[in-house]
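K.L.:
could you look at this predicted model? Sequence included:
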Amino acid sequence: MELATAFRPFGFWRFDIDSGHLFGSEDVSHIFGLDPHDGPMNLVAVGARIHPDDMPLLMETFERASAGRLTYHNIYRVRNNADGYKYVRTVGKFREKPGTAGEVVGITYEFFERRPGVSFFLDDAPVDD
């Protein structure tokens, strides 16, 4: 784990279903270009950083995972500090929490930059659309 987090932001988060609050580690805030702080994250600010074409699928997946108590993962684009987008991956799972509706917990991390001539499982489309 230390090796993975040494190179790119790799954050942990949890979403409390009863309150609707998202709590994230400092790296989660940095991935979304937000200043870290104590307490819940601003979901409007997080959503504004996600590529608009990716948001509907993210919301649908998260809703299904919460309602169906499932594990899920998504790859999507988040606005970087320049004029483009970077790819990130979120992996989450429902977790029982006695006396509540439960919570969804997970990790979010950035993908490494691709080197010229090296193709990973992402398409060859530019990331700045």
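P.N.:
Good, I have the coordinates.
K.L.:
show residues contacting stretch 75-92.
P.N.:
The contact list for stretch 75-92 (CB atoms under 8 Å, 6 or more residues apart in numbering) reads 13, 15, 31-33, 49-51, 53-54, 57-58, 62, 65, 71-74, 104-111, 122, 126-129. Placement of C-beta: from N, CA and C, glycine included.
K.L.:
strands - which of those residues land there?
P.N.:
With strands taken from DSSP state E, the overlap with these comprises 13, 15, 71-74, 104-110.
K.L.:
quick one: buried ones out of those residues?
P.N.:
W13, F15, Y72, N74, V104, V105, G106, I107, T108, Y109, E110 (16 or more other CB atoms under 10 Å).
K.L.:
any idea how far L58 is from V88?
P.N.:
According to CB to CB, to the nearest Å, L58 stands 11 Å off from V88.
K.L.:
got the buried ones among the ones in strands among the contacts of stretch 75-92 as CSV, with distance to P40 and pLDDT columns?
P.N.:
Output for those, formatted as CSV (distance: CB to CB, whole Å; pLDDT from 0 to 100):
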residue, distance to P40, pLDDT
W13, 10, 96
F15, 9, 94
Y72, 21, 90
N74, 21, 93
V104, 14, 93
V105, 14, 95
G106, 16, 95
I107, 18, 96
T108, 16, 96
Y109, 21, 94
E110, 22, 90
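K.L.:
which SS state does D27 fall under?
P.N.:
Following DSSP: H, G, I helix; E, B strand; the rest coil, we place D27 in the helix state.
K.L.:
chain neighbours aside, what residue packs nearest to it?
P.N.:
G11 (3.4 Å; CB to CB, 6 or more residues apart in numbering).
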